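>>> Structure here, sequence nowhere to be found:
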């Protein structure tokens, strides 16, 4: 029998024994009665029992230890309070359970915590109709979710998660993009952050004795523990992960100044809604609709990129060194687009980066998900089997496989493990037999009540639930997910997001708009939108039939049918200035499938009928482009040529402006001319 299987049997037997005895027991009794310990000598038992206690504690299962007055360890008494194992009942409404089920439907297979989320839903809905069987609400489609990004990244994420909960120092090789080097790192891992489609590790870097942020996709090879100790560090009590989740791109690092930026009244509402939390917004002194945005910055280039993307609607007022820097970058843009062609370095024979080495999104729903601890699965399976046995109802083997998302072989092995969980004297928990007709017949033993209720959520399960809620946010009708979140946190006694993972929104606060849109969708009422068309710099009034909210690379959209144009249209929520539910209702059109495109342009960014621009990227920024763009050609000076799919020229212009002087359009000619014209409009604004 494998060592991992032996350990699982031993730990489950220990739990069952402590809960069945309902009294404190000694180590001697545990060694004598519990499966897996009886054959050990004293030293071996002491080591294994200590390790098992520590592992159960890391899973959220805390044993109570009563120490004798004289401090003799051999006389310690151990017990497990039911509340330390069983999950308190959570009074979810039907709407909350349906919303949680829908979150799973959206995220399954494209969420790093998809399988723990599935197990957690089994636990919290115990005794009620499973939300996994609820009808699809169909009001949201996700184009971009928190996928772990491939097998290797999933493995790193799993190891780092364990290290966070065990307070274990880790080592790894890390590629630092700014300096283009790979170096060894030794880190005390404090927290994980999911932001902008990427996972980041927050922790104390030993090399600098300071908290640093590491992007998981840039960690090279394997993550290893630095020592064999049970614990290596204690996270500082004043560490607040939330401060890292509310930073703009230009605020990562130590602040070097505070910028003042004049924002044209035309888009001031948009900047205030989406970026106001990164600084402060005040009216302009001239009494116009313009606003002054002040914000601390750590990176001049990132702030310049953000301001330049806004075109002539943003003007840097200070400090003077920032004004000069942006002016120089605008002049560089002008030089790069002067004339019909840009003089380039000679091409190299082949791209430096091997395109085959880039991890592509997996089409499999099973490959990217991180499998939870097998312990969680076994405890959940025990509850399912016992429930069926007490009802004297054989269970379908196929159905149980489906509920737990395991293979035939995995389920058979798990059943075999549960069949031998015991603590001496014939005290078993259950006996399950897989019949030839594909049914599972279960005989619950007298001590099966130890597992007849759902166990407490393991850290990874609790994290999965709350992370799923935070990822989708307030985009379901009536705030059902936020209510469910509060109940989960209350049952756990702590917010798991403060212990291991923070899901940060990179888009602005569209929650009010989303709630209005969700209300119109659920009630099939017409929706009136005041919409800003950034490409044409104009506002339009639209009255549409809203069908679904959709998440894509650039944010949230409402997928709708526009009767005036007799076509399906998608409107970005961050460009909706106002939204109003009208009294007029509509009958949903059967031919309209709002989620039909979710695997297309929302994920790839390549809309139908896209053209492709060839864009030169400077040597200083080429490394970032290799990570994010499609590289068409490497040049001898270290610069690259990338291919950028686009539909609207104005979008392409903003992308090039946002490179802040490190990019130039080579072709097509009309796009190159459009950038030149946009730079000409910029120049007066930066003088």
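That came in fine, so what should we check first? Everything numeric here is computed off the predicted structure, so don't read it as measured data.
>>> And the strands in the stretch 351-500 of the chain?
395-396, 430-434, 439-444 (DSSP state E, counting those that start in this stretch).
>>> which one of these lies closest to residue 122?
Proximity to residue 122 (C-beta to C-beta) singles out strand 395-396 among the strands of the stretch 351-500 of the chain, at 13.7 Å. Glycine gets a C-beta too; all of them are placed from N, C-alpha and C.
>>> helices or strands next to the closest one in the packing?
If you count contacts as 3 or more C-beta pairs under 8 Å, 6 or more residues apart in numbering; DSSP states H and E, strand 395-396 packs onto helix 374-390, strand 439-444.
>>> Mind listing the strands that strand pairs with, and their directions?
Strand 395-396 has the following sheet partners, assigned by DSSP bridges: strand 439-444 (antiparallel).
>>> who touches the partner strand?
Residues outside strand 439-444 that contact it (C-beta atoms under 8 Å, 6 or more residues apart in numbering) are 385-386, 388-390, 394-397, 400, 415, 429-435, 452.
>>> Could you tell me which residues within it count as buried?
Neighbour-count burial for strand 439-444, counted by 16 or more other C-beta atoms under 10 Å, picks out 439-442, 444.
>>> Using a markdown table, lay out those residues together with distance to residue 304 and pLDDT.
Listed next are those as a markdown table, based on distance: C-beta to C-beta, whole Å; pLDDT from 0 to 100:
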| residue | distance to residue 304 | pLDDT |
| --- | --- | --- |
| 439 | 67 | 95 |
| 440 | 64 | 94 |
| 441 | 69 | 93 |
| 442 | 66 | 90 |
| 444 | 67 | 76 |
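>>> Name the member of those with the shortest distance to residue 294.
Comparing every one of the buried residues of strand 439-444 with residue 294 (C-beta to C-beta), the shortest separation belongs to residue 440, at 64.8 Å.
>>> Could you list the low-confidence segments of the stretch 401-550 of the chain?
Low-confidence segments of the stretch 401-550 of the chain (pLDDT under 70): 423-426, 446-456, 459, 473-480, 499-500, 505-509.
>>> all helices for it, in order.
Ranges of helices within the stretch 401-550 of the chain are 408-419, 459-472, 480-492, 511-523, based on DSSP state H, counting those that start in this stretch.
>>> Am I right that residue 675 is in contact with residue 665?
Yes: here residue 675 reaches residue 665: they are 5.3 Å apart, a contact under C-beta atoms under 8 Å.
>>> Pull up the overlap in contacts between these two.
In contact with both residue 675 and residue 665: 337, 652, 656, using C-beta under 8 Å, 6+ apart.
>>> which one is the first one nearest to, not counting chain neighbours?
With C-beta to C-beta, 6 or more residues apart in numbering as the criterion, residue 337 has its nearest non-adjacent residue at 4.3 Å, and that residue is residue 676.
>>> What separation do you get for the one you found and residue 662?
17 Å (C-beta to C-beta, to the nearest Å).
>>> After the least confident helix or strand in the chain by mean pLDDT, which helix or strand is next?
Within the chain, confidence by mean pLDDT, DSSP states H and E is lowest for strand 140-142 among all helices and strands, at a mean of 60. Past strand 140-142, further along toward the C-terminus, the next helix or strand under DSSP states H and E is helix 151-166.
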